[in-house]
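Colleague: next comes the sequence, and after it the predicted model I'd like to discuss.
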Amino acid sequence: MRFRVDMSDDLRESPVRKNRPRAFGASEYFSLLYRRQFVLGPWYVEDLLSWTRVRISDTLKLSAHPDLPVSRIASGNTSITLLGYLLDPARPEADDHAIVTQLMAALSHGGFDAVLAATDALGGRWVLIVDDGATVRLFTDPMGLRQVCYTNELWHGETWCATQPGLIARVCGLAFDATAVATYINSDAYAVASERPWPGDTTPYGEVSHLLPNHFLRLSDRAAIRFWPEAPFEKCAIEDAAESGGSMLSELVTAAGRRYKLGMAVSSGWDSRVLLAASRQVADRMFFYTFNHGRSAADTVVPHRLLPKLGLQHHLITYPMRMDPAFAKIYNRNFPTPHESWGRMMQPLVHKLPAHTVVLTGNAAEITRVRFRLPQGERLTARKIARFTYCGIAPRELERNTFVVTATDRWLKSIGNTYNVHPLDLFYWELRAGRFAAIDQGEWDIAQESFTPYNCRRYLATMLSVDERYRSHDDPIHYRLMIRNLWPDVLSEAVNPPRPHAVWTTRVRQLRFRTMRAAQRLFEHAVARRPLNVSAGAPTARK
């Protein structure tokens, strides 16, 4: 049986007019199409001729985009295959081959569990496929930022995995799930938010699931099995956690700086401020930039003032009001439900970001900043958790949405004993970081490789062991102490200076949306009650 990926788009169908951004040529089109993505299944994908091909086993063949690094080491009937890259803060000079060799030693001495344990201190953005000679399993980096989607029990054919569900759908000939379209894509909740994740482990295709963080996938039966948290951790004093956590971040950034050219998008917020402090040893060689959010926006103004104070050059990048059609054509094919706002930001970076730059991001760092809590004594339910899916946007629409609530309920029932990890911190980790931030970075792969230093299990566990009162979302004391230890001068400009109009703008936008939907329902109700004009005859079907 042979499978094909649809490559039928005519590259010449939309000629570029004068004074418009240039069109992408055929070679550039195919280099950006599905950039840094992979497909794993029983056969190679025949249309992707330029992709890297690696035989994992007799029944598993890997097809990887040329810009996705692949490292594989085999010994007898065992092997470990790395997709993406790994960083070892204890051995900053170690490359991917050396780190995978170390993981192979762990596999030979202690089996799969030893491999899991050996990744605790590692950073990077990666997927590991581990064959211990009896079973093939795969798992992702702690936040799941190198995504894995897979065919679930509703698919009765062979097992397929891929970076994103659209590739599996193309290979297997799948269509959007009717229930997902009717109850989620066409819902009030989906319409009101521009940056929305898919809830739980869902995707637009009923036969495809998303592998969540802290789970491994056993390919023989497509079972997603939780492996963390596995035990309670000891509480850590804030001073000790800030010292060790800051050191981990700094060592990871330094290790990345030895291997790659680094860039960083700086905002006015906490997450990028800590990373800036952690970058002190390599900052003079980094490309710092900010998107132009408007002359008075804090995310534009603060970095413009701060970076020169630190002796660093600041680049301001303006993104277009809409994607150029030539770029949009590629961008919108790379994921089944792309975000237009992210595409507008990525378009200028394709050419303005220095070649081969790996960009530091603070995505999902809020795992260790207490973001979600219910009132004291209130019972945790799927409906209440569903309200947090969009981080405060459209909570009423979300708690009423059966698709979101059902997916959240399935996750809630699966978490088991979380020991002393708060369930809502785990929710942020797995369903915010593992879904929203992962899709975020997946779409950004068209323009940049990303590196999130916070994406290290040892770092996350250390910070989560700190008392909650020091991990406030709005005033994270553990962040302040890390910055003080690493580079105090980065606090010479205010973090998140107040924007008095932002809250009112959001509320007005939501009120406008709800008013519009209410008017629409009244109109539909009035039309439904209108007497039928029987003299007009019955409508005829189009041929």
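Modeller: Ah, there it is.

Colleague: residues in contact with F388?
Modeller: 371-372, 395, 424, 427 (Cβ atoms under 8 Å, 6 or more residues apart in numbering). Quick note: C-beta positions are derived from backbone N, CA and C, even for glycine.

Colleague: check T452 too.
Modeller: T452 neighbours (Cβ under 8 Å, 6+ apart): 125, 143, 145, 360-365, 437, 441.

Colleague: swap the cut-off to 6 Å and go again
Modeller: 361, 363 (Cβ atoms under 6 Å, 6 or more residues apart in numbering).

Colleague: give me the phi and psi for it.
Modeller: Dihedral pair for T452: phi -110, psi 100, per degrees, to the nearest 10.

Colleague: got a pLDDT number for it?
Modeller: We have a pLDDT of 98 for T452.

Colleague: distance of it relative to A364?
Modeller: Distance of T452 to A364, given as Cβ to Cβ, to the nearest Å: 7 Å.

Colleague: what's the weakest-modelled helix or strand in this structure?
Modeller: Between all helices and strands in the chain, the lowest mean by mean pLDDT, DSSP states H and E belongs to helix 500-529, at a mean of 53.

Colleague: got a list of what A94 touches?
Modeller: By Cβ under 6 Å, 6+ apart, the residues touching A94 are D88.

Colleague: pretty sure it is in a helix, no?
Modeller: No: per DSSP: H, G, I helix; E, B strand; the rest coil, A94 lies outside any helix segment and is coil.

Colleague: picking up where we left off before, of the contacts of F388, which belong to helices?
Modeller: 395, 424, 427 (DSSP state H).

Colleague: the residue nearest to the last one when sequence neighbours are not counted: which element?
Modeller: Pointing back at F427 there. Among residues not flanking F427 along the chain, I385 sits closest, at 6.0 Å (Cβ to Cβ, 6 or more residues apart in numbering). According to DSSP states H and E, I385 maps onto helix 382-386.

Colleague: buried set for that helix?
Modeller: Neighbour-count burial for helix 382-386, counted by 16 or more other Cβ atoms under 10 Å, picks out 382, 384-386.

Colleague: over to stretch 343-357?
Modeller: Applying 16+ other Cβ under 10 Å to stretch 343-357 flags 343-350, 353, 357 as buried.

Colleague: ok, R146 touching L128?
Modeller: No: counting by Cβ atoms under 6 Å, R146 stays clear of L128, with 9.6 Å between them.

Colleague: neighbour count: those two, which is higher?
Modeller: The neighbour comparison of R146 against L128 (other Cβ atoms under 10 Å) goes to R146, with 26 against 23.

Colleague: for the helix holding I385, packing partners?
Modeller: Applying 3 or more Cβ pairs under 6 Å, 6 or more residues apart in numbering; DSSP states H and E, we find helix 382-386 packed against helix 395-399, helix 402-414.

Colleague: could you give the bridge partners of the closest residue to D131 other than its chain neighbours?
Modeller: Residue nearest to D131 in three dimensions, not counting chain neighbours: S79, with 4.8 Å by Cβ to Cβ, 6+ apart. Beta bridges link S79 to A74, D131, judged by DSSP bridges.

Colleague: for the most centrally placed residue in the chain, pull up the helix or strand it's in.
Modeller: Geometric centre of the chain, nearest residue: A438, 1.0 Å, by Cα atoms, centre = their mean. Assigned by DSSP H and E, A438 falls within helix 438-444.

Colleague: hmm, who's touching that helix?
Modeller: With Cβ under 6 Å, 6+ apart as the test, helix 438-444 has contacts from 144-145, 147, 164, 335, 342, 346, 450.

Colleague: can you put those in JSON lines and add distance to D88 and secondary structure?
Modeller: JSON lines is the format used below for the contacts of helix 438-444 (distance: Cβ to Cβ, whole Å; DSSP: H, G, I helix; E, B strand; the rest coil):
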{"residue": "G144", "distance to D88": "20", "secondary structure": "coil"}
{"residue": "L145", "distance to D88": "18", "secondary structure": "coil"}
{"residue": "Q147", "distance to D88": "23", "secondary structure": "coil"}
{"residue": "Q164", "distance to D88": "28", "secondary structure": "coil"}
{"residue": "F335", "distance to D88": "31", "secondary structure": "coil"}
{"residue": "W342", "distance to D88": "31", "secondary structure": "helix"}
{"residue": "M346", "distance to D88": "30", "secondary structure": "helix"}
{"residue": "S450", "distance to D88": "19", "secondary structure": "strand"}
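
Colleague: pick out the most distant pair among the residues you listed.
Modeller: Among the contacts of helix 438-444, the pair separated by the greatest distance (Cβ to Cβ) is G144 and M346, at 20.5 Å.

Colleague: what's the closest non-adjacent residue to K352?
Modeller: Excluding the flanking residues, the one nearest K352 by Cβ to Cβ, 6+ apart is I317, at 5.9 Å.

Colleague: now do the helix holding I385: distance to the chain's middle.
Modeller: Centroid separation between helix 382-386 and its chain, computed with Cα atoms, centre = their mean, to the nearest Å, is 22 Å.

Colleague: check contacts around the residue lying closest to A223 once chain neighbours are set aside.
Modeller: Once flanking residues are discounted, A223 sits nearest to L217: 7.3 Å by Cβ to Cβ, 6+ apart. By Cβ under 6 Å, 6+ apart, the contact set of L217 is 138, 150, 211, 224.

Colleague: L217 falls within a strand, correct?
Modeller: Yes: under three-state DSSP, L217 sits within a strand.

Colleague: report the beta-bridge partners for it.
Modeller: Listed by DSSP bridges, the beta-bridge partners for L217 are L138, A224.

Colleague: H210 versus that one, what's the distance?
Modeller: Taking Cβ to Cβ, one finds L217 at 11 Å from H210.

Colleague: F335 now?
Modeller: 12 Å.

Colleague: so what's L460 up against?
Modeller: I367.

Colleague: and it, that's in a helix?
Modeller: Yes: with three-state DSSP as the criterion, L460 is part of a helix.

Colleague: what does the model give it for pLDDT?
Modeller: 97.

Colleague: cool, the one 3 residues further on as well?
Modeller: Reading off the per-residue confidence, M463 sits at a pLDDT of 97.

Colleague: try the one 3 residues further on
Modeller: Here the pLDDT value assigned to V466 is 97.

Colleague: same thing with the one 4 residues further on?
Modeller: Among the per-residue scores, Y470 holds a pLDDT of 97.

Colleague: and what of W487?
Modeller: Reported pLDDT for W487: 98.

Colleague: who's in contact with whichever strand or helix holds G84?
Modeller: Applying DSSP H and E as the criterion places G84 in strand 78-87. Strand 78-87 is contacted from outside by 38, 56, 69-73, 96, 99-100, 103-104, 122-133, 146, 252, 255-256, using Cβ under 6 Å, 6+ apart.

Colleague: likewise for stretch 481-496?
Modeller: Contacts of stretch 481-496 (Cβ under 6 Å, 6+ apart): 242, 245-246, 250, 268-270, 273-274, 276-278, 280, 302, 305-306, 309.

Colleague: apply 7 Å and report the result again.
Modeller: Residues from elsewhere that reach stretch 481-496, judged by Cβ atoms under 7 Å, 6 or more residues apart in numbering: 238-239, 242-243, 245-246, 250, 268-270, 273-274, 276-278, 280, 298, 302, 305-306, 309-310.

Colleague: end-to-end on it?
Modeller: 17 Å (Cα to Cα, to the nearest Å).

Colleague: thanks again, I'm all set now.
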